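Novice: Quick one, what's the 3D model for this:
(2 chains)
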Amino acid sequence: MTAQLDKKLLLQAYLTMRRIRDFEERVHVEFATGEIPGFVHLYAGEEASATGVILHLKKEDYVASTHRGHGHCIAKGMELRTMMAEIYGKKPGICGGKGGSMHVADLDLGMMGANGIVGGGGPLICGAALAAKIKKTNNVAVCFFGDGGSNQGTILESLNLASVWQLPAIFVAENNGYAEATSSRWSVATGNIADRGAAFGMPGVIVDGHDFFAVYEAAGEAVKRARSGGGPSLIEVKVNRYFGHFEGDQQTYRGPDEVKKLRETKDCLLLFRQKVTNQGELTDKELDQIDEQVKAEVADAVDFAKGAPKPEASDLLTDVYVAYA
Amino acid sequence: MQSRPELLVGIVTNPESGRDIRRLLFGPSVFPTSEKVSMVIRVLAALGVFGVQGVLMMPDYGGIVAGVMRAARAHDNASLEPWPEVFVIDQSIERSANDTRRAVRSMLNVGVRLIVVLGGDGTHRIVAAECGDVPLVTLSTGTNNAFPDFREATTAGIAAALCASGKLDVSKVCRRNKRLKIRLDDREEIALVDIAICLTRHVGSKALWGPENVAEMFVTFSECDSIGLSSIPGLLRPTGRDDGEGTVVRFDREDPMYWLSAPIAPGIIKRMPIHSVEPMPPGKKFAVRAKCGTIALDGEREIEFTAKDHPLVWLDREGPLTVDVHKTLKLAANQGLLVSDKPDPDPQQTLIS
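Specialist: All right, here's what the predicted structure looks like:
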């Protein structure tokens, strides 16, 4: 428990959360124009989760994400330009424009990718964590998954495997209340996903995903535990998403003012600003400067993506197989 | 809500208790939802046998009420011994302490005779701030708890039923607890066990688990065999629940009077730099010495304060009434309240074929 986080880290946290928010808000607008192919699932509202966890990681640590993966990718350090181009399906995209929103990945940054398979990240990070353990790199691997993913066999098997092998793994359940349109109140048998940790012999804790500081503290202890050989942990982040399951989702399963109220009372960026300015750690001016910086970055990323070429027919046959060195 | 019977007991269960960050560090016990459901069922069984007709429950998203309702339906089909009818308060769920506050107010509005609380020190604090003179039966489901009883729910349920039904004199088995109050500007809060002044700037994950940043502690009572931060005053100046005073402990790593080895969490014994220890008589106001930081109420960081807030802490004896389960059952035994001339009814007579 640190008395005070240093200013550089606080600025980085706000910058990351603001980047994710503005990126997602802009994708929401641009998707409606029909220019973006495929599906997108937006992360807005959940920024404190990705940021609070990933700020503890090194470049060499691995992250496996979900279909709602933009936030994790940005927090792991991916460039907005190449991410946006990927979402637009353009050639300079981080995966050559052939993956799109649900397959954004950059292994050089330890980002194993967004994932179209619900619960698909669990086995991936067990592999990454096992490699870290065998090679004694002191790296850790983090699996983000949702409340829907928490009910998938892959996640339950991965929790078991990680515990049996005592892997340096952290499982982060981002419980935003809905698996597509199904309430987690109905679909999660134990009520709280964190309760499942005990069944696999690992600690399970709940944190408020609207509060960066809450997530940051819990993730810090879980990462420390993993790096020191203490084994895996399960963190359930109670959070909310601002947009539908996918863009175009009419969200008839939500209350009429549900999102409006969340934005007004539980917004992670708003709460962060209130807390750090009240404590005199950062000023409104410093935060406003970041807002302006990010606005320009996102505009630049969209311009870059729109102006970039599409993959060519010949690109269909590249990146199909992996060559192992 | 349909018409309710007259003899009602409220049940508050905190769906979130027992899952805080301390599990990552110390591995304290876990209270899953299934165990909370089971505890409520055991309370219901006892309430039903001893004549309570209805219970009013706080709704939750954690699956506790759902589990209890499923069990109640199954029980209706299979047993002769009646359980009280279960009613659920019609209120929206915010997934915050406010759910508990509103639920307790609703319980008081409909005239519950007693409230059974399942939770940690924090849950009991929220209930205590709202319950007035309605007695509480306290059951621990949290971490490092000092205030609620860590006991079998069935016996707690029997004591609750005996008190709620008026079969014995409640004034003989209830304790009026001490409490702490803290004021910052126009905000006032209470604590039932301790208020800790912490040098961390943000409430973060709430649970107070790092003793190195605690600057001051105020406690209502502190047993010498307690676990958690309250073990510190407990090992310096043991104070019982019924003693007249509390205790103030101040810490200073630069200027310690001595270092005290204390079990500040399950499995963790730390040397704490004790700067001063003094009694805390009722009514005497203590100014918080730290200029900024967070205020932990009963183990959970709740308030972020700065130099302009000037928090004041004091002790009074106007805390909640709690049922002493041991004393209740002893009195019931001495008065023969549990004795009957009839055997148990035969459940087979009512099984649905």
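Novice: The residue in the stretch 201-350 of chain B that chain A sits nearest to and B:T200, how far apart?
Specialist: Here the residue of the stretch 201-350 of chain B nearest chain A is B:G210; by C-beta to the nearest C-beta that distance is 2.8 Å. (Glycine included, C-beta is placed from N, CA and C.) For B:G210, the distance to B:T200 equals 8 Å [C-beta to C-beta, to the nearest Å].
Novice: between those two, who's got more neighbours?
Specialist: Neighbours around B:G210 and B:T200, counted as other C-beta atoms under 10 Å in any protein chain shown, are more numerous at B:T200. The numbers are 22 against 18.
Novice: you'd agree the more buried one is up against B:A215?
Specialist: No: using C-beta atoms under 8 Å, B:T200 is not in contact with B:A215; the gap is 10.4 Å.
Novice: between these two, what contacts are shared?
Specialist: Shared between the contact lists of B:T200 and B:A215 (criterion: C-beta atoms under 8 Å, 6 or more residues apart in numbering or on different chains) are residues B:G293.
Novice: Identify the residues contacting the closest residue to B:A287 other than its chain neighbours.
Specialist: Leaving aside its chain neighbours, B:A287 sits nearest to B:L312 (5.9 Å; criterion: C-beta to C-beta, 6 or more residues apart in numbering or on different chains). Shown in contact with B:L312 (C-beta under 8 Å, 6+ apart): B:182-184, B:285-288.
Novice: For PyMOL, what selects the buried ones among those?
Specialist: In PyMOL syntax, the buried subset of the contacts of B:L312 is picked out as below (16 or more other C-beta atoms under 10 Å in any protein chain shown):
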select buried, chain B and resi 182+184+286+288
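Novice: So which of the contacts of B:L312 belong to strands?
Specialist: Per DSSP state E, strands hold the following members of those: B:182-184, B:286-287.
Novice: Just the closest residue of the stretch 101-250 of chain A to chain B, please.
Specialist: A:G191 (3.1 Å).
Novice: and stretch B:227-235, how far out from the chain's middle?
Specialist: How far stretch B:227-235 lies from its chain's middle: 18 Å, per C-alpha atoms, centre = their mean, to the nearest Å.
Novice: same thing with stretch B:82-97?
Specialist: 18 Å.
Novice: can you check stretch B:300-314 too?
Specialist: Taking C-alpha atoms, centre = their mean, one finds stretch B:300-314 lying 23 Å from the centre of the chain it belongs to.
Novice: In contact with B:T328, which residues?
Specialist: B:159, B:162-163, B:168, B:173.
Novice: now with 6 Å?
Specialist: B:159, B:162, B:173 (C-beta atoms under 6 Å, 6 or more residues apart in numbering or on different chains).
Novice: Surely the first one is in a helix?
Specialist: The one in question is B:A159. Yes: counting by DSSP: H, G, I helix; E, B strand; the rest coil, B:A159 is found in a helix.
Novice: Looks like it contacts B:D324 (just checking).
Specialist: No: using C-beta atoms under 6 Å, B:A159 makes no contact with B:D324, being 8.2 Å away.
Novice: who in the stretch 201-325 of chain A is up against chain B?
Specialist: Residues of the stretch 201-325 of chain A found near chain B (C-beta under 6 Å from any C-beta of the partner chain) are A:203, A:205-207, A:213-214, A:217-218, A:221-222, A:225, A:233, A:275, A:279.
Novice: Mind checking which of those are in helices?
Specialist: A:213-214, A:217-218, A:221-222, A:225, A:275 (DSSP state H).
Novice: Among those, which one sits closest to A:G127?
Specialist: Closest approach between these and A:G127, by C-beta to C-beta: A:A222, at 19.1 Å.
Novice: which one is that closest one nearest to, not counting chain neighbours?
Specialist: Using C-beta to C-beta, 6+ apart, the nearest residue to A:A222 is A:S233, at 3.9 Å.
Novice: picking up where we left off before, make a markdown table out of the ones in helices among the residues of the stretch 201-325 of chain A next to chain B and add pLDDT and neighbour count.
Specialist: Output for those, formatted as a markdown table (pLDDT from 0 to 100; neighbours: other C-beta atoms under 10 Å in any protein chain shown):
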| residue | pLDDT | neighbour count |
| --- | --- | --- |
| A:F213 | 96 | 27 |
| A:A214 | 96 | 27 |
| A:E217 | 95 | 27 |
| A:A218 | 95 | 29 |
| A:E221 | 94 | 23 |
| A:A222 | 96 | 29 |
| A:R225 | 95 | 20 |
| A:K275 | 95 | 20 |
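Novice: Can you pick out the most distant pair from these?
Specialist: A:R225 and A:K275 (25.9 Å).
Novice: Tell me the residues on chain B that lie near chain A, please.
Specialist: So chain B meets chain A at B:19, B:21, B:23-25, B:30, B:32-33, B:61-63, B:199-202, B:204-205, B:210, B:213 (C-beta under 6 Å from any C-beta).
Novice: now with 8 Å?
Specialist: B:15-16, B:19-21, B:23-25, B:27, B:30, B:32-34, B:60-64, B:95, B:198-206, B:208-210, B:212-213, B:292-293, B:304, B:306 (C-beta under 8 Å from any C-beta of the partner chain).
Novice: Stretch B:314-328 spans what distance, first to last residue?
Specialist: End-to-end distance of stretch B:314-328: 31 Å, with C-alpha to C-alpha, to the nearest Å as the criterion.
Novice: Can you turn the buried part of the contacts of B:T328 into a PyMOL selection?
Specialist: To isolate the buried ones among these in PyMOL, judged by 16+ other C-beta under 10 Å, type:
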select buried, chain B and resi 159+162+173
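Novice: Same list (the contacts of B:T328) but as a markdown table, adding pLDDT.
Specialist: Converted to a markdown table, these look like this (pLDDT from 0 to 100):
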| residue | pLDDT |
| --- | --- |
| B:A159 | 97 |
| B:L162 | 96 |
| B:V173 | 96 |
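Novice: Return the member of the contacts of B:T328 nearest to chain A.
Specialist: B:A159 (27.7 Å).
Novice: residues in contact with that closest one?
Specialist: B:137, B:173, B:323, B:325, B:328-329, B:332.
Novice: Of the residues you listed, which is the most crowded?
Specialist: B:V137 (28 neighbours).
Novice: List the beta-bridge partners for that one.
Specialist: Here B:V137 sits in beta bridges with B:V116, going by DSSP bridges.
Novice: returning to what we had before: reformat the ones in strands among the contacts of B:L312 as JSON lines; add distance to B:V68 and pLDDT.
Specialist: Output for the ones in strands among the contacts of B:L312, formatted as JSON lines (distance: C-beta to C-beta, whole Å; pLDDT from 0 to 100):
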{"residue": "B:I182", "distance to B:V68": "35", "pLDDT": "98"}
{"residue": "B:R183", "distance to B:V68": "38", "pLDDT": "97"}
{"residue": "B:L184", "distance to B:V68": "38", "pLDDT": "94"}
{"residue": "B:F286", "distance to B:V68": "43", "pLDDT": "97"}
{"residue": "B:A287", "distance to B:V68": "46", "pLDDT": "97"}
